[in-house]
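Visitor: Quick check, what structure comes out for this input:
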Amino acid sequence: MKKGWIIALAVLLAGAIGGYSWYSKLKSNAAAENGPYDNTLKPRLELSRFDFTDISDDAITMNMYMLVDNPLPVGFKARQLDYTFYIADTPVVVDSYKKPIEVKSGDSTLIVMPAKLFSRKLTKVLETLERRNIDSTTYKIRASFALDVPILGEKIFAATTERRLPTYHIPTIKIEDIDFGKLGFKRADVAAKVNVRNKNKFPYNFTDTHYTVTIDGKQIAEGDQPEPILIKAQSTTPVVFPVTGKPGKTLSVLPKMLFDKKDTPYVIDFRCKVLDKNDNPMFKNSKFIATIKGTLDDFKKK
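Guide: Residues are numbered from 1 along each chain as shown. Have a look, this model is predicted:
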């Protein structure tokens, strides 16, 4: 009986020594690789890339692609991941990824975290960078997650990942004029003249463009432009969007259009896809949506 305990203890001790040796070897490898694990053996996060899915006047909806790497000798599970997203060291998104994460030992997995960045916060950051003439900045994520590790139980890990990327400015659209051509019961010629302002140091294309014109609550025209429209870098690009008018509705608002411009509101809803000329994955599947409002008095000739 005593001999059996001695053998069991020896096996346990050998296993502990072997485990420690393996851990030390992995830790040394981590240090030798300039510390990708911060010189410690712990899960690592890496911001692979992010892309925009929806850009509007109010917010940017995007996906952040995070690589979760597990160098531990055991797999782990995490119920959720809490994170803060920074642009130029300013927190702009605080949220949680609430789907379970499971990574096997010595393996990694890619998770896609949707996030919404509100334009008001982004604008303040961009204005500061613009004043300093900074055209690239640091995008950083600080995350923490509770891992259910076998034997060790639940452990809280924190990680920071960052990348330096070009500063992205949201395109802005200004309506210069709504040009009404011939108006009749069977035909209504309307064109929206707009300026697209691009502050970025790279050009891109608007494609699959759709727009509607609403005056005094009545949608009087709509149109689309399937062909790509080149939006030049660091400049304002004028574009004329021809639209198909709805004669009956156009004539119904004609008196207000002619004699009460100050109190006649207009709304132009604009949507398109944004494609980078260099096929930047950041813009893959991105949609741009803008709603421009005002009164017809805005178009008085000066």
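Visitor: ok, then the element right after the helix or strand of the chain with the lowest mean pLDDT?
Guide: Using mean pLDDT, DSSP states H and E, the weakest-scoring helix or strand in the chain turns out to be helix 2-32, at a mean of 45. Using DSSP states H and E, the helix or strand that follows helix 2-32 in sequence is strand 44-55.
Visitor: immediately after that next one, which helix or strand?
Guide: Following strand 44-55 in sequence, per DSSP H and E, is strand 59-70.
Visitor: what pairs with that next one, and is each one parallel or antiparallel?
Guide: strand 44-55 (antiparallel), strand 107-118 (antiparallel) (DSSP bridges).
Visitor: which stretch in the ones you listed has the least confidence?
Guide: Note on the strands paired with strand 59-70: strand 44-55 shows the lowest mean pLDDT, a mean of 81.
Visitor: before we move on, back to that, out of the strands paired with strand 59-70, which is closest to Lys199?
Guide: Of all the strands paired with strand 59-70, strand 44-55 sits nearest to Lys199, with 13.8 Å by Cβ to Cβ. (C-beta placed from N, C-alpha, C; glycine too.)
Visitor: re earlier: compare the strands paired with strand 59-70 and give me the one nearest Glu162.
Guide: Each of the strands paired with strand 59-70 has some distance to Glu162 by Cβ to Cβ; the shortest is strand 44-55, at 6.9 Å.
Visitor: Any chance you could give me that closest one in PDB, C-alpha atoms only?
Guide: In PDB, the C-alpha atoms belonging to strand 44-55 read as follows (Å, rounded to 0.1, in the frame of the first residue of the first chain):
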ATOM      1  CA  ARG A  44      -3.600  37.400 -26.600                       C
ATOM      2  CA  LEU A  45      -5.900  39.600 -28.600                       C
ATOM      3  CA  GLU A  46      -5.000  41.100 -32.000                       C
ATOM      4  CA  LEU A  47      -7.000  43.700 -34.000                       C
ATOM      5  CA  SER A  48      -6.900  42.100 -37.400                       C
ATOM      6  CA  ARG A  49      -8.900  44.700 -39.300                       C
ATOM      7  CA  PHE A  50     -12.200  46.500 -39.200                       C
ATOM      8  CA  ASP A  51     -14.700  47.500 -41.900                       C
ATOM      9  CA  PHE A  52     -17.600  49.800 -42.100                       C
ATOM     10  CA  THR A  53     -21.100  48.400 -42.800                       C
ATOM     11  CA  ASP A  54     -23.100  51.600 -42.500                       C
ATOM     12  CA  ILE A  55     -22.100  55.200 -42.500                       C
END
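Visitor: How is the chain divided into domains?
Guide: Domains of the chain are assigned by automatic domain parsing as 37-166, 172-299.
Visitor: Report pLDDT for Thr237.
Guide: With respect to pLDDT, Thr237 scores 94.
Visitor: Mean neighbour count for the domains of the chain - can I get that in TSV?
Guide: Below are these laid out as TSV (neighbours: other Cβ atoms under 10 Å):
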stretch	mean neighbour count
domain 37-166	16
domain 172-299	16
